[in-house]
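Student: I need the structure of the sequence given here:
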Amino acid sequence: MARRPTTVEIDEGILDALRRAASEDGRAEDEVVEEALRRYFGLRGLGVLDDIAEAQAAQGITLSDDEAMALAVSEVRAARAERARRASA
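Tutor: Residues are numbered from 1 along each chain as shown. Next up is the predicted model:
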């Protein structure tokens, strides 16, 4: 996907929070902004499926959209179960 520079006006308090978050996470500010926008527009889940498909294609594995979705759902359920297990421990 092509990237291009842009300019936006943003509240100074939000900009300060962006800079702190990026610094604490060891990430570039533009990465944090892009992730926030993806989450806002609900695109994060689609990116996860694309990442899975790309990783599997690199290994010669191909999945249908339904199979990829089932895998993603399975991973989410496993993560939730692990989180619940840790919370009850």
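Student: what mean pLDDT does stretch 19-31 have?
Tutor: What stretch 19-31 shows for mean pLDDT is 93.
Student: Could you break the protein into its assigned domains?
Tutor: 10-42, 43-89 (automatic domain parsing).
Student: roughly how far out does the longest one sit from the chain middle?
Tutor: To tie it back to what came earlier, the one meant is domain 43-89. 12 Å (C-alpha atoms, centre = their mean, to the nearest Å).
Student: looking at the domains of the chain, which is closest to Arg3?
Tutor: Closest to Arg3 of the domains of the chain is domain 10-42 (C-beta to C-beta; 8.4 Å). Yep, even glycine has a C-beta here, placed from its N, CA and C like the rest.
Student: and Asp30, what is it in contact with?
Tutor: Taking C-beta atoms under 8 Å, 6 or more residues apart in numbering, we find Asp30 in contact with no residue.
Student: just how off-centre is whichever strand or helix holds it within its chain?
Tutor: Asp30 belongs to helix 29-41 when elements are defined using DSSP states H and E. Relative to its parent chain, helix 29-41 has a centroid offset of 9 Å by C-alpha atoms, centre = their mean.
Student: can you put the domains of the chain in CSV and add distance to Arg3?
Tutor: CSV is the format used below for the domains of the chain (distance: least, C-beta to C-beta, whole Å):
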stretch, distance to Arg3
domain 10-42, 8
domain 43-89, 15
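Student: Out of the ones you listed, which gets the lowest mean score?
Tutor: domain 43-89 (a mean of 81).
Student: and the lengthiest helix in the chain, C-alpha only, in CSV?
Tutor: Taking DSSP state H as the criterion, the chain has its longest helix at helix 65-88. In CSV, the C-alpha atoms belonging to helix 65-88 read as follows (Å, rounded to 0.1, in the frame of the first residue of the first chain):
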residue,chain,number,x,y,z
ASP,A,65,-11.6,-16.7,3.3
ASP,A,66,-13.8,-19.0,5.4
GLU,A,67,-10.8,-21.0,6.6
ALA,A,68,-8.9,-17.9,7.4
MET,A,69,-11.8,-16.5,9.4
ALA,A,70,-12.1,-19.7,11.3
LEU,A,71,-8.4,-19.6,12.1
ALA,A,72,-8.7,-16.0,13.3
VAL,A,73,-11.8,-16.7,15.4
SER,A,74,-9.9,-19.7,16.9
GLU,A,75,-6.9,-17.5,17.8
VAL,A,76,-9.2,-14.9,19.4
ARG,A,77,-10.9,-17.5,21.5
ALA,A,78,-7.6,-19.0,22.6
ALA,A,79,-6.3,-15.5,23.6
ARG,A,80,-9.5,-14.8,25.6
ALA,A,81,-9.4,-18.2,27.4
GLU,A,82,-5.7,-17.5,28.3
ARG,A,83,-6.6,-14.0,29.6
ALA,A,84,-9.5,-15.5,31.7
ARG,A,85,-7.2,-18.2,33.0
ARG,A,86,-4.7,-15.6,34.2
ALA,A,87,-7.4,-13.5,35.7
SER,A,88,-8.7,-16.4,37.8
